[in-house]
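Engineer: show me how the following folds:
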Amino acid sequence: MRKKFYLLLVLLSLINSVSCEEKYISLGEHEHGQMEHPLSRIEIHNIVVALSKSASIKVDGPTLLGSKGEDFEWVTINLRNAEPSQDDWVGVFSPANFNESICPPQTSKEKQSGAPFICTAPIKFKFANYSNVKYTKTGKTSLKFRLINQRGDFSFAFFSGGLQNPKLISVSKYVTFFNPKAPLYPRLALGKSWDIMTVTWTSGYNIDEAVPFVEWGWKGQEQKRSPAGTLTFHRNSMCGSPARTVGWRDPGFIHTSFLKDLWPNVEYTYKLGNLLSNGSVVMSKQYSFKSPPFPGQESLQRIVIFGDMGKQERDGSNEYADYQPGSLMTTDTLVKDLDNIDAVFLIGDLPYANGYISQWDQFTAQVEPIASRVPFMIASGNHERTWENSGSLYNGLDSGGECGVPAETLYYVPAENRAKFWYAADYGMFHFCIGDTEHDWREGSEQYKFIEQCFASANRHKQPWLIFAAHRVLGYSSNDWYAKEGSFEEPMGREHLQKLWQKYKVDMAFYGHVHNYERVCPIYQNQCVNKETSHYSGVVNGTIHVVVGGGGSHLSQFTSLNTRWSVFKDYDWGFVKLTAFNQSSLLFEYKKSKDGKVYDSFTISRDYKDVLACVHDGCEPTTLAN
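Structural biologist: Below you'll find the model as predicted:
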């Protein structure tokens with residue numbers, strides 16, 4: 001069957017145009033790796049109530065969390081079971097009352113079959129023997145869970161029968177945060193002009209309860225307030241299961257404020273606020289950021305790029321399947337070096353929530369130390385957007401029914417239409433053109449026209465470093481499944497875009513989707529056009545393509561075939577850091593997440609005349625007139 005799929009994609013790559021009704025088959029992680037979400041392995045509708053006096057689950061400590069303003073707390077629970085088993089497990093539910101009263105309205109057919117007792121997945125789970133191998137002998141153990149403030153109370157449910165046939169044997173008391181509606185988890189993003197910084201955050205306050213705002217200003221100076229808009233989404237905004245069913249959880253309210261008329265290179269402080277209807281104010285802790293440089297300004301400018309981050313639980317929950325084993329490594333390494341990072345681009349596949357909406361909160365909390373300090377720009381990946389019959393370029397179920405809605409709502413990007421996730425962004429001497437591979441990029445499409453306009457708008461005298469980035473590999477990859485398809489790319493990717501990369505002399509193109517690292521030579525039409533590997537000077541002649549999808553998800557195998565255009569490959573987690581020193585000098589570094597050390601690098605040195613120089617299929621028209 002797989003051979004037929006490969007043959008189909010090869011045939012598709014030979015077709016110059018495909019009607020708008022045709023879609024690509026999504027041959028991604030689902031077919032080539034184990035990407036099943038851990039929560040999806042719990043058979044929620046099989047749960048039966050079998051409360052037992054011989055089993056108990058108790059919270060060890062206070063049930064009111066965050067009394068000093070903390071947005072997370074560690075909670076210890078004690079378990080006792082007279083008939084212990086190695087497949088006993090504990091689920092954390094939020095809201096704490098998880099019985100049939102919170103189930104969506106049922107159809108008549110569903111009512112006839114009997115309402116399930118539980119119709120929502122836990123936000124996390126852990127096996128009872130996680131920290132005590134003697135549990136099955138003693139029937140007693142303790143577990144630690146790290147809870148974040150998620151706009152609701154929590155309860156711990158004790159199950160026997162494993163994940164397939166769970167029996168609810170005991171439920172704990174409820175625990176809650178002091179202010180579950182508090183404004184939390186700010187995400188900075190670049191605005192549509194260089195002197196705007198956007199701040200997006202989440203709270204439990206709707207506009208009829210409180211007015212959201214940001215209090216901000218120069219560090220140590222008088223602060224002012226800027227208003228914020230409010231968005232949310234609902235169960236019926238989702239396109240399918242589990243996002244519409246067991247994976248649904250209320251996302252709260254998402255606020256965005258635009259901090260305008262920034263001065264370049266100034267450190268600002270800010271707080272998130274909600275003005276309540278009774279006149280009182282709820283404020284977050286203080287954060288800070290440094291405003292972007294003026295476009296074209298020569299100064300030290302450092303950009304981090306990677307894809308496929310995922311999320312991990314610091315308490316070990318959900319991780320028995322090693323779902324996203326490198327996610328926290330990448331997070332922690334970036335946090336340690338944050339003083340030397342000016343902006344981050346995460347190019348698709350953020351939390352891999354796959355329709356379990358609670359996981360977006362977990363992800364925003366995980367990246368908050370980064371996203372609250374520097375612009376955290378994202379791209380759309382298949383695990384954010386792809387869903388059948390939803391206008392996606394690919395047929396597949398990768399988003400778990402989210403069809404792009406949580407990503408588009410929770411994260412701001414300076415796009416004209418956030419449902420069409422392509423946009424331009426400037427940072428000093430860098431000009432970024434971010435594509436959306438889940439929508440049509442082929443010649444003649446709306447996105448193709450945007451990409452060309454984005455390239456053409458770059459003032460290469462002031463912003464010499466022109467970068468293209470997108471999630472799926474539209475350039476080159478030695479990944480195993482791409483090699484088996486015979487394309488070494490997403491079908492039709494470079495065939496449609498390479499003439500734009502060449503014409504506008506794009507310096508580098510970055511991709512995720514494939515969970516490894518690979519750097520390709522400066523290339524055009526499958527041919528290396530520059531023999532250098534560590535230092536490029538003068539006219540480079542082609543675009544350097546980089547796969548940097550090792551942000552945290554399980555790793556992807558390389559093909560055993562010798563791909564002559566590949567300069568460096570690494571089967572590990574890591575990210576790329578670009579450092580622009582001035583208009584003529586740039587340093588590229590690939591760093592591993594495990595230690596932050598450099599494992600691949602090169603430099604580019606050139607003058608403005610080198611950017612203007614004629615290259616094959618990228619020459620400006622001339623005249624014979626004197």
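Engineer: wait, isn't Gly254 in contact with Glu408?
Structural biologist: Not quite, residue 254 is Ile, not Gly. No - Ile254 sits out of contact with Glu408 when judged by CB atoms under 8 Å, with a separation of 10.2 Å. Every residue, glycine included, has its C-beta placed from N, CA and C.
Engineer: where are the low-confidence patches of the stretch 401-550 of the chain?
Structural biologist: Applying pLDDT under 70 to the stretch 401-550 of the chain flags no residue at all.
Engineer: could you pull out the helices in it for me?
Structural biologist: Counting by DSSP state H, counting those that start in this stretch, the stretch 401-550 of the chain has helices at residues 405-410, 446-456, 480-485, 493-503.
Engineer: elements contacting the first one?
Structural biologist: So that's helix 405-410. Helices and strands touching helix 405-410, as assessed by 3 or more CB pairs under 8 Å, 6 or more residues apart in numbering; DSSP states H and E, comprise helix 358-371, helix 382-385.
Engineer: got CSV for the ones you listed, with mean neighbour count, mean pLDDT and distance to Ser131 too?
Structural biologist: Below are these laid out as CSV (neighbours: other CB atoms under 10 Å; pLDDT from 0 to 100; distance: least, CB to CB, whole Å):
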stretch, mean neighbour count, mean pLDDT, distance to Ser131
helix 358-371, 23, 98, 20
helix 382-385, 29, 97, 30
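Engineer: wait, what's in contact with Ser566?
Structural biologist: 476, 478, 518-521 (CB atoms under 8 Å, 6 or more residues apart in numbering).
Engineer: Gln463 versus the closest residue to Ala458 other than its chain neighbours, what's the distance?
Structural biologist: Nearest residue to Ala458, sequence neighbours excluded (CB to CB, 6 or more residues apart in numbering): His431, at 4.2 Å. To Gln463, His431 is 4 Å away according to CB to CB, to the nearest Å.
Engineer: same thing with Gly191?
Structural biologist: Distance from Gly191 to Gln463, counting by CB to CB: 17 Å.
Engineer: what about those two, which has more around it?
Structural biologist: Neighbour count, other CB atoms under 10 Å: between Gly191 and Gln463, Gln463 has more, with 22 against 19.
Engineer: these two touch, right, that one and Pro293?
Structural biologist: No - contact criterion CB under 8 Å: Gln463 and Pro293 do not qualify, at 10.8 Å.
Engineer: residues that sit against both of those two, list them.
Structural biologist: The contact sets of Gln463 and Pro293 overlap at Gly428 (CB under 8 Å, 6+ apart).
Engineer: returning to that earlier point: out of the helices and strands packed on helix 405-410, which is closest to Gly551?
Structural biologist: With respect to Gly551, and counting by CB to CB, the nearest of the helices and strands packed on helix 405-410 is helix 358-371 at 10.8 Å.
Engineer: what's that closest one packed up against?
Structural biologist: strand 140-148, strand 184-190, helix 327-336, helix 405-410.
Engineer: what does the shortest one contact?
Structural biologist: By CB under 8 Å, 6+ apart, the surrounding residues in contact with helix 405-410 are 187, 200, 202, 231-233, 237-238, 251, 254, 350, 353, 357, 360, 364, 378, 380, 384-385, 418-419, 421.
Engineer: intersection of neighbour lists for His431 and Gln463?
Structural biologist: Common contacts of His431 and Gln463 (CB under 8 Å, 6+ apart): none found.
Engineer: can I assume Tyr427 is in contact with Ser291?
Structural biologist: No - taking CB under 8 Å as the definition, Tyr427 is not a contact partner of Ser291, at 10.9 Å.
Engineer: more neighbours, these two?
Structural biologist: Higher neighbour count among Tyr427 and Ser291: Tyr427, with 24 against 18, using other CB under 10 Å.
Engineer: the more buried one: what's it in contact with?
Structural biologist: 190, 194, 292-293, 301, 303, 342-343, 375.
Engineer: hmm, which of those are the buried ones?
Structural biologist: Buried members of the contacts of Tyr427, scored by 16 or more other CB atoms under 10 Å, are 190, 194, 292-293, 301, 303, 342-343, 375.
Engineer: go ahead and flag the most central residue of this structure.
Structural biologist: Leu350 (1.7 Å; CA atoms, centre = their mean).
Engineer: so what's it up against?
Structural biologist: Here Leu350 is in contact with 309-310, 363, 378, 381, 383-384, 407, 411 (CB under 8 Å, 6+ apart).
Engineer: again, only this time at 7 Å
Structural biologist: By CB atoms under 7 Å, 6 or more residues apart in numbering, the contact list for Leu350 reads 309, 363, 378, 384, 407.
Engineer: got a markdown table for those residues, with distance to Ser280 too?
Structural biologist: Converted to a markdown table, those look like this (distance: CB to CB, whole Å):
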| residue | distance to Ser280 |
| --- | --- |
| Met309 | 37 |
| Phe363 | 31 |
| Ile378 | 34 |
| Glu384 | 37 |
| Ala407 | 33 |
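Engineer: no more questions from me, cheers.
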